[in-house]
Every structure is written in C-alpha cells, then in structure tokens.
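# After the sequence you'll find the predicted model.
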Amino acid sequence: MRPFALFHIPNSHYFQARSNYKVEYKINSLRFRGPEISKKGNKFRLLVIGDSFVEGHGCDFAGTFSFLLNESLCESGWEALNVGMQGASPIVYACNIDRYLALEPDAALI
C-alpha cells in the first residue's frame, strides 16, 4: 500500500476544472495541498487528516476547512495544518503515520 499512499507530485502546481468550477492546486514539498510547512515553532500543531473534503477538493485553498480552522485558532497559540489527501481512507492514514509524526503534531483531527 505504501507506494499508493502518496497522491500529489511534490512542488507541483495545476488547475482542476469541471463544468462548474476551476480551482488552483499548489502542492508543497511534502505532497500536501497548501504552502510549505515550516519547522514547528512555539505554536501547538493540529494536523487535520482526511480525504478530499479535508484537502478541499473543488474549492480554493482559502475556503478549505483546515485553512478556516487555522484562522480561528491562530490567536490561541495553535496552527492547523491541512494534510488531507483525495481518495484517502483509514488505511491510507495508517500508511502515512510516519509522515504525520514527522510534522511533530500536538493533536490530530481525523
């Protein structure tokens, strides 16, 4: 399963279009949608793990659940990171546990 646990190409940039939307996808070096994830600073880190709903399939990144949650938590000393992947499921989350732990999370929301 491990070879199939990674969906995006690192540092890629593309548009996904359907009849009713056209959305930009910027993929960071860790293969997650969104900006580069910096080393953990002095904030608590919440990983938002999930499938295409978490990744934000079909919507701008600024409209994703994780982005909006990060905006809400920012002042309370937390950062929320979007580590959702299209087509993911619990077996994929398990295959990616090493990637998640490398981000030094304080909590996870699945």
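Looks like it came in fine.

# how far is the helix or strand of the chain with the lowest mean pLDDT from where the chain is centred?
Within the chain, no helix or strand scores below helix 90-95, which has a mean of 90 by mean pLDDT, DSSP states H and E. Here helix 90-95 is found 14 Å from its chain centre; the criterion is C-alpha atoms, centre = their mean, to the nearest Å.

# where do the strands sit along the chain?
13-18, 21-26, 44-48, 78-82, 107-109 (DSSP state E).

# With distance to residue 65, mean neighbour count and mean pLDDT added, can I get those strands in JSON lines?
From N, CA and C alone the C-beta is placed, and that goes for glycine too. What follows is the strands of the chain, written out as JSON lines (distance: least, C-beta to C-beta, whole Å; neighbours: other C-beta atoms under 10 Å; pLDDT from 0 to 100):
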{"stretch": "strand 13-18", "distance to residue 65": "18", "mean neighbour count": "10", "mean pLDDT": "93"}
{"stretch": "strand 21-26", "distance to residue 65": "15", "mean neighbour count": "13", "mean pLDDT": "94"}
{"stretch": "strand 44-48", "distance to residue 65": "7", "mean neighbour count": "19", "mean pLDDT": "98"}
{"stretch": "strand 78-82", "distance to residue 65": "8", "mean neighbour count": "21", "mean pLDDT": "97"}
{"stretch": "strand 107-109", "distance to residue 65": "9", "mean neighbour count": "14", "mean pLDDT": "98"}
